[in-house]
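Chemist: Task: produce atomic coordinates for the following.
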Amino acid sequence: MSVITQSKGSRPNKRHYGWVIVVVMMLVQTVSSGLGFYNMSVYINRLAVQLSVPLADISFAVSLFFVVGGISGLFVAELLNRFHVRTLMVVGAIVSGVSIGVVGWATDLWQVYVLFAIFGAGNAGISIVIATTLITQWFPGPERSMALAMTSTGLSLGGVVVTPYSAYLMNTVGLGETMPILGVILIGSIVPLSLFIRQVEKPVVGAQVNASGGDVFDRVLFSKAVNSRFFILLAGAYILIMAAQVGGIAHLYNRVDTLAGFTYAAYAVQTLSICSISGRFFGGWLVTRIPIRWFALGNLSMQAIGLTLIALAPNGTLAVFAAGFFGLSVGNLLMTQPLWLAEVYTTGIYAKVFARANALSVLGLAMGPYFIGWAFDVFGDGRSYFWPYMAAVACSIFAFAIVFVASSSPVLANQDTSELSNAG
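Modeler: Purely as a prediction, here's the structure:
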């Protein structure tokens, strides 16, 4: 529950349009995550072959994508106060589409690094910071969890719709011919969708305080929020969660391809995505009925078990099953962080608070793919993913312990901001 209640006048006049925003952003996330998040496992597999470089070197390009994207998300949160979100989405789509479209023509590793960094910067304008901020503004009440669940479904739909198609094209027509097609798909879908985006009026936060304090109150409130014990511990946990999750996803295609061939590998990514979708819809309902603390801890347990099953899978069939079990936790853990922060911190500072948390979690996104690729080259002897995936399991267990401690006294997080709201 948000610690500062919005005034009635701050709510949008056409609440029903919020569900249009949900559908539009779900489709946007389908394209952006399909060509970014989920397709990374396909990219590193094909680029490593085309450029004849170690898997760890190509995995570093994925790390650059996530690091630059996370840092760019901080600027996106600032730009949302200056420009219409539609403008940011159009620019982001064009930058992303052009950069990913020419990756297939790269002849040197450094060119891949530069293009993936640009891709990450553009993707920040069409991904999770934009989506969660819009949904939080349009849904200030109890419908927020289901709206976030539906919107973030696009993150998994990308793996169902885009990744198998990308893998098929790369195996039939080649990387160089496939990447321009993917770039055109990105621009040609997201730019028209952005035309349906509408924004609500900025919420009135702490009206009595703002009357005398102006912007000073927002800055102090934001500082208290990001320095609270709850925020610091949750952000630290999500570095580990994302390292394990994204590392596992980024190498899933290669893990199963090595085990049973590219057909099973595509099935594994697709199954993971389908289970992520179904798990997220159930999770959107469940999180309104149980404390979010136990929801998070339960999904972390499932992530650890799923990664273990992937590491131990002896054949393609069981690998696909393991990917599905792992997928049940993926969508819910992605949804939990923005939902939890939205419940604890007021809407007026949410965009910047979440952008800060997202930028920190990007450290995990960056470390995960590279570290698993490095461990595969060094400890897997070019064949086994057992120890790399068990390292991801260890990260999940450590994150479980941190989340348990961080949420043991959740009222402390509310006190940091409620004291300021009562100060007026």
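
Chemist: can you pull out the helices in the stretch 101-250 of the chain?
Modeler: Per DSSP state H, counting those that start in this stretch, the stretch 101-250 of the chain carries helices over the ranges 109-123, 128-138, 144-172, 175-194, 207-213, 215-226, 229-250.

Chemist: worst average pLDDT in those?
Modeler: Lowest mean pLDDT within the helices of the stretch 101-250 of the chain: helix 207-213, a mean of 37.

Chemist: on that earlier part again, can I get the helices of the stretch 101-250 of the chain in TSV with mean neighbour count?
Modeler: For every residue, glycine as well, the C-beta is placed using N, CA and C. Converted to TSV, those look like this (neighbours: other CB atoms under 10 Å):
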stretch	mean neighbour count
helix 109-123	21
helix 128-138	25
helix 144-172	22
helix 175-194	19
helix 207-213	14
helix 215-226	17
helix 229-250	24
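
Chemist: List the buried residues of the helix or strand hosting Val90.
Modeler: Secondary structure here is read from DSSP states H and E; on that basis Val90 sits in helix 85-101. For helix 85-101, the buried set under the neighbour-count rule, 16 or more other CB atoms under 10 Å, comprises 85-86, 88-101.

Chemist: and it, what other elements does it pack with?
Modeler: Applying 3 or more CB pairs under 8 Å, 6 or more residues apart in numbering; DSSP states H and E, one finds that helix 85-101 makes contact with helix 17-35, helix 109-123, helix 128-138, helix 175-194.

Chemist: Nearest to Ala235, out of the ones you listed?
Modeler: Ala235 lies closest, by CB to CB, to one member of the helices and strands packed on helix 85-101: helix 128-138, at 14.8 Å.

Chemist: And the contacts of the closest one?
Modeler: With contact meaning CB atoms under 8 Å, 6 or more residues apart in numbering, helix 128-138 is reached by 12, 15, 17-18, 21-22, 25, 28-29, 73, 76-77, 80, 85, 88-89, 144, 147-148, 151-152, 154-155, 197, 199-200, 203, 334, 338, 342, 347, 350-351, 354-355, 358.

Chemist: same thing with stretch 82-94?
Modeler: Residues lying outside stretch 82-94 but in contact with it, judged by CB under 8 Å, 6+ apart, are 28, 76, 79-80, 122-126, 130, 133-134, 186-187, 190-191, 194-195, 197, 199.

Chemist: Can you list phi and psi of Gly141 for me?
Modeler: The main-chain torsion angles of Gly141 are listed as degrees, to the nearest 10 and equal phi -110, psi -160.

Chemist: Lowest mean pLDDT among the helices and strands of this protein, which one is it?
Modeler: For the chain, scoring each helix and strand by mean pLDDT, DSSP states H and E identifies helix 207-213 as the least confident one, at a mean of 37.

Chemist: about what we covered before: export the helices of the stretch 101-250 of the chain to CSV and append columns for distance to Gly283.
Modeler: As requested, the helices of the stretch 101-250 of the chain are exported to CSV (distance: least, CB to CB, whole Å):
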stretch, distance to Gly283
helix 109-123, 25
helix 128-138, 15
helix 144-172, 7
helix 175-194, 25
helix 207-213, 34
helix 215-226, 25
helix 229-250, 15
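
Chemist: The ones you listed: which one's closest to Cys275?
Modeler: Distance to Cys275, taken as CB to CB, is lowest for helix 144-172 among the helices of the stretch 101-250 of the chain, at 8.3 Å.

Chemist: Give me the pLDDT value at Asn422.
Modeler: Taking Asn422 on its own, its pLDDT is 38.

Chemist: What of Pro203?
Modeler: Confidence score, pLDDT, at Pro203: 45.

Chemist: Over to Leu55?
Modeler: Leu55 is assigned a pLDDT of 74 by the prediction.

Chemist: So it versus Val200, what's the distance?
Modeler: In this structure, Leu55 lies at 45 Å from Val200, with CB to CB, to the nearest Å as the measure.

Chemist: more crowded one of the two?
Modeler: Ranked by neighbour count (other CB atoms under 10 Å), Leu55 and Val200 place Leu55 first, with 23 against 18.

Chemist: got a list of what the residue lying closest to Glu177 once chain neighbours are set aside touches?
Modeler: Computed as CB to CB, 6 or more residues apart in numbering, the closest residue to Glu177 that is not its neighbour in sequence is Gly104, at 7.1 Å. Counting by CB under 8 Å, 6+ apart, Gly104 makes contact with Gly174, Leu175, Gly176, Glu177, Thr178, Met179, Pro180.

Chemist: go with 10 Å
Modeler: 43, 46-47, 50, 115, 170, 174-183 (CB atoms under 10 Å, 6 or more residues apart in numbering).

Chemist: again with Arg255
Modeler: Applying CB under 10 Å, 6+ apart, we find Arg255 in contact with 41, 248, 265, 268, 310-311, 313, 319, 322-323, 372, 376, 380, 384-386, 388-389.

Chemist: The residue nearest to Gly36 when sequence neighbours are not counted and Glu343: what is the separation?
Modeler: Nearest-residue entry for Gly36: Asn123, 5.1 Å, with adjacent residues in sequence omitted and distances by CB to CB, 6+ apart. Taking CB to CB as the criterion, Asn123 is separated from Glu343 by 27 Å.

Chemist: same thing with Ile44?
Modeler: Using CB to CB, one gets 36 Å for the distance from Ile44 to Glu343.

Chemist: out of all of them, which helix in this protein is the longest?
Modeler: Among all segments of the chain classified by DSSP state H, the helix with the greatest residue count is helix 347-378.

Chemist: okay but Ile249 is in contact with Val330, surely?
Modeler: Yes: applying CB atoms under 10 Å, one finds Ile249 in contact with Val330, separated by 7.2 Å.

Chemist: Need the overlap of contacts for those two.
Modeler: Common neighbours of Ile249 and Val330, using CB under 10 Å, 6+ apart, are Gly159, Leu272, Ser273, Ser276, Ala323.
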